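Novice: below is the sequence, then the predicted model.
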Amino acid sequence: MPERHDQAAGSQRSAGDPATASHRRAHTRARDLERYAGLFAERTRVMRSSAMRDLMEITARPDVISLAGGLPDTSTFPPETFAAQMTRIAQESAAEALQYGPTEGFDRTKGCIREVMVAEGMDPDPDDIIVTTGGQQAIDLVAKTFVDPGDVVICEGPTYPGVVPVLCSYQAETIQVGIDDDGMRVDELDEVLDRLAAGGRRPKFIYSVPSFQNPAGVTLSAERRRRLVEIAREREVLVIEDNPYGLLRYEEAQALDPLYKLDGGDYVIYVGTLSKILSPGIRLGWLCAPPPVMEKIVLGKQATDLCTSTLTQYFVAEYFAEGRWREYVSDLIGIYRDRRDTMLDALDQHFPGQATWTRPGGGLFVWATLPDYLDTTDLLAKALRREVAFVPGAAAYLDGSGTNAMRLNFSGSKPEEIREGIRRIGQVIAEQVELFETITGEHRAVTHSPLASPGSGPASGSAADARTAAGPGDVVPFRKRGE
């Protein structure tokens with residue numbers, strides 16, 4: 001009897017129990033790894049981890065200033081509003097909100113999505129919309145629907161780091177087209193398509209973030225938007241328009257028409273999300289596609305998760321019913337504009353003259369480029385020792401490019417955090433530049449655009465007077481507000 005009691009007690013040990021940890025470690029021995037390795041699918045050989053996910057555990061620490069994730073500031077959402085909406089759902093719709101829902105999403109949810117799209121000049125048919133578990137699932141469903149191993153997919157270079165593991169997982173042959181201050185180089189795209197056609201190939205789709213691009217922050221010009229839609233029609237190639245940031249515009253310039261509006265929904269498949277204008281935690285995105293494509297997308301989602309969270313959809317419906325979502329977005333624009341300006345000012349002050357960076361008119365990111373002898377993956381390790389993080393540029397490429405670039409996020413940090421974080425990164429860069437120049441006797445300044453090849457033109461922004469970070473080399477003690 002005592003023996004049985006001990007066994008029962010052992011089965012209830014927590015994951016943090018030393019004995020449990022020892023058991024898990026035992027499965028990482030070489031012989032065990034070989035046993036599992038023979039079972040893995042071939043595609044696992046080319047799977048890549050998400051750079052942002054890899055950093056989450058580190059950046060969640062309160063003493064680390066994270067300029068890495070694409071995090072909106074969810075502290076701006078009124079807690080009393082959240083409480084009132086969830087209370088209303090609990091009192092009036094608890095049974096329904098806790099039940100399964102239709103794979104395509106509820107009609108009320110689609111009505112909320114249409115409000116967001118109408119705000120940018122689009123008017124989709126509700127039947128062309130499927131509600132997804134975040135925009136990331138929408139991208140994954142597109143790849144699942146279209147991509148066989150070895151199929152060609154075209155995207156921007158740099159591209160959204162989150163699409164990289166998706167394309168790798170489906171074993172796509174990805175070709176990246178360069179971008180500049182006006183977005184994707186559609187002339188270069190034309191050349192790529194010509195080369196593919198000459199070899200009897202065409203891409204399954206072209207993936208683009210045309211408005212305030214992640215990671216570069218640039219926007220595809222009106223002329224290039226029209227030409228991209230023309231290319232899609234002329235060559236019968238699909239374009240996936242990923243538009244998380246279109247409403248987060250910080251300048252007075254007129255908003256540009258989305259590709260989906262210009263095309264009418266024939267060759268452009270539209271991906272949207274509420275993560276940046278409401279909350280990433282609710283995991284609600286969507287996809288707009290023509291009926292033949294939608295039929296396959298629905299089958300793919302059924303096999304993935306049956307339906308998007310019913311509770312989440314009820315929350316979104318309650319929130320939009322209040323009619324204040326655009327007011328909240330307006331508040332976010334004011335907050336994020338100030339933080340962008342803070343980051344640009346800090347870059348001017350603390351980054352050395354050898355660095356350049358973009359000056360985004362909206363969105364959440366700045367893309368900085370350093371001299372080609374610096375590797376930002378190595379710099380990240382040094383920066384983490386000073387308790388600051390960013391995303392290395394290589395995460396936005398599939399061919400090993402971008403090693404001397406970095407993505408910097410300004411939406412998720414307070415202004416004082418941004419200033420201190422940029423100061424610390426600037427110190428690390430300046431020290432490595434000084435070390436290189438001391439060893440080699442060379443002085444190389446970046447004179448080209450942070451998005452173009454060397455020698456192609458002026459920078460979008462730079463510390464041309466070669467200012468380096470001020471202050472001592474140690475880390476200034478820092479704690480986030482409220483701690």
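Specialist: Received the coordinates, thanks. Bear in mind that the values here come from a model prediction, so they are computed numbers and not experimental data.
Novice: tell me where the stretch 101-250 of the chain has strands.
Specialist: 129-132, 152-157, 173-180, 183-184, 205-208, 238-242 (DSSP state E, counting those that start in this stretch).
Novice: quick one: average confidence on stretch 250-269?
Specialist: For stretch 250-269, mean pLDDT rounds to 95.
Novice: check stretch 293-301 too.
Specialist: On average, stretch 293-301 scores 98.
Novice: what does that stretch contact?
Specialist: Here stretch 293-301 makes contact (Cβ atoms under 8 Å, 6 or more residues apart in numbering) with 103-104, 127-128, 130, 132, 137, 141-142, 144-145, 269, 287, 289, 307. (Each C-beta comes from the backbone N, C-alpha and C, glycine too.)
Novice: could you redo the last one with a cut-off of 10 Å?
Specialist: 102-105, 127-133, 137-138, 140-146, 238, 269, 287-289, 307-308 (Cβ atoms under 10 Å, 6 or more residues apart in numbering).
Novice: how far off centre is that stretch?
Specialist: 24 Å (Cα atoms, centre = their mean, to the nearest Å).
Novice: with stretch 402-417 instead?
Specialist: Distance of stretch 402-417 from its chain centroid, counting by Cα atoms, centre = their mean, is 13 Å.
Novice: in that stretch, what counts as buried?
Specialist: 402-415, 417 (16 or more other Cβ atoms under 10 Å).
Novice: quick one: which of those sit in helices?
Specialist: Mapping the buried residues of stretch 402-417 onto helices (DSSP state H) picks out Pro415, Glu417.
Novice: point out the ones among the buried residues of stretch 402-417 that are inside strands.
Specialist: Among the buried residues of stretch 402-417, the members falling in strands (DSSP state E) are Ala405, Met406, Arg407, Leu408, Asn409.
Novice: low-confidence ranges in the stretch 251-400 of the chain?
Specialist: For the stretch 251-400 of the chain, no stretch is flagged by pLDDT under 70.
Novice: show me where it has its helices.
Specialist: Counting by DSSP state H, counting those that start in this stretch, the stretch 251-400 of the chain has helices at residues 259-263, 291-305, 310-321, 325-350, 376-385.
Novice: could you give the angle of the fourth one to helix 310-321?
Specialist: If I follow you right, that is helix 325-350. Per axes from the mean of the first three to the mean of the last three Cα atoms, to 10 degrees, the angle that helix 325-350 makes with helix 310-321 is 100 degrees.
Novice: what about helix 325-350, distance to the chain center?
Specialist: For helix 325-350, the distance to the chain centre is 18 Å (Cα atoms, centre = their mean).
Novice: likewise the second one?
Specialist: Centroid displacement of helix 291-305 relative to its chain, using Cα atoms, centre = their mean, is 23 Å.
Novice: just the angle between that helix and strand 238-242, please?
Specialist: Using the same axes, to 10 degrees: helix 291-305 against strand 238-242 is 50 degrees.
Novice: pull out the buried residues from helix 291-305.
Specialist: For helix 291-305, by 16+ other Cβ under 10 Å, it's Val293, Met294, Ile297, Val298, Gly300, Lys301.
Novice: before we move on, what about the fourth one?
Specialist: For helix 325-350, the neighbour count (16+ other Cβ under 10 Å) marks 325, 328-329, 332-333, 336-337, 339-340, 342-344, 346-350 as buried.
Novice: now swap in stretch 167-182 and tell me
Specialist: Those would be 167-181, for stretch 167-182 by 16+ other Cβ under 10 Å.
Novice: got the CA positions of it in CSV?
Specialist: The C-alpha coordinates for stretch 167-182 follow below in CSV (Å, rounded to 0.1, in the frame of the first residue of the first chain):
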residue,chain,number,x,y,z
LEU,A,167,7.5,29.8,-45.8
CYS,A,168,10.3,27.6,-44.5
SER,A,169,7.8,25.2,-43.0
TYR,A,170,6.0,24.7,-46.3
GLN,A,171,9.3,24.3,-48.1
ALA,A,172,8.8,27.2,-50.5
GLU,A,173,11.6,28.5,-52.7
THR,A,174,11.5,32.1,-51.7
ILE,A,175,12.8,35.0,-53.8
GLN,A,176,13.1,38.4,-52.1
VAL,A,177,12.8,41.6,-54.1
GLY,A,178,14.5,44.7,-52.8
ILE,A,179,12.8,47.7,-51.4
ASP,A,180,13.6,51.4,-51.1
ASP,A,181,11.9,54.4,-49.5
ASP,A,182,8.9,53.9,-51.9
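Novice: now that stretch: mean pLDDT?
Specialist: 97.
Novice: tell me, how many residues neighbour Arg195?
Specialist: 11 (other Cβ atoms under 10 Å).
Novice: residues contacting it?
Specialist: Ile175, Arg201.
Novice: and the nearest residue to His350 once chain neighbours are set aside, helix, strand or coil?
Specialist: Of all residues not flanking His350 in the chain, Gly426 sits nearest, at 3.3 Å (Cβ to Cβ, 6 or more residues apart in numbering). Using DSSP: H, G, I helix; E, B strand; the rest coil, the structure places Gly426 in helix.
Novice: what about Gly426, distance to Phe436?
Specialist: Distance of Gly426 to Phe436, given as Cβ to Cβ, to the nearest Å: 16 Å.
Novice: repeat for Leu347
Specialist: 20 Å.
Novice: same check on Arg324?
Specialist: 53 Å.
Novice: so the two - more neighbours on which side?
Specialist: Set side by side, Arg324 and Phe436 show more neighbours around Phe436, with 17 against 14, by other Cβ under 10 Å.
Novice: still on that earlier bit, quick one, which of the contacts of stretch 293-301 are buried?
Specialist: 102-105, 128-133, 137-138, 140-146, 238, 269, 287-289, 307-308.
Novice: ok, the nearest residue to Leu379 once chain neighbours are set aside - contacts?
Specialist: Closest residue in space to Leu379, ignoring its immediate chain neighbours: Val428 at 5.8 Å, by Cβ to Cβ, 6+ apart. Residues near Val428 by Cβ under 10 Å, 6+ apart: 374, 378-386, 388, 469, 473.
Novice: before we move on, back to that, hang on, the residue nearest to His350 packs against Gly353?
Specialist: No - if you go by Cβ atoms under 10 Å, Gly426 and Gly353 don't touch, sitting 11.3 Å apart.
Novice: looking at those two, which one has more neighbours?
Specialist: Higher neighbour count among Gly426 and Gly353: Gly426, with 23 against 17, using other Cβ under 10 Å.
Novice: what's opposite the nearest residue to Leu167 once chain neighbours are set aside in the beta bridge?
Specialist: Distance criterion Cβ to Cβ, 6+ apart; nearest residue to Leu167, sequence neighbours excluded, is Thr174 at 5.1 Å. Beta-bridge pairing for Thr174 (DSSP bridges): Val153.
Novice: mind checking how far Thr174 is from Arg202?
Specialist: For Thr174, the distance to Arg202 - Cβ to Cβ - is 14 Å.
Novice: chain center to the one helix or strand Gln91 maps to: distance?
Specialist: According to DSSP states H and E, Gln91 maps onto helix 79-92. Relative to its parent chain, helix 79-92 has a centroid offset of 30 Å by Cα atoms, centre = their mean.
Novice: can you check stretch 242-255 too?
Specialist: That offset, for stretch 242-255, works out to 16 Å (Cα atoms, centre = their mean).
Novice: one step back: how near is the residue nearest to Leu379 to Met56?
Specialist: 21 Å.
Novice: and Thr403, by the same measure?
Specialist: Counting by Cβ to Cβ, the gap from Thr403 to Met56 is 22 Å.
Novice: quick revisit: which of the ones in strands among the buried residues of stretch 402-417 lies closest to Gln313?
Specialist: Asn409 (27.9 Å; Cβ to Cβ).
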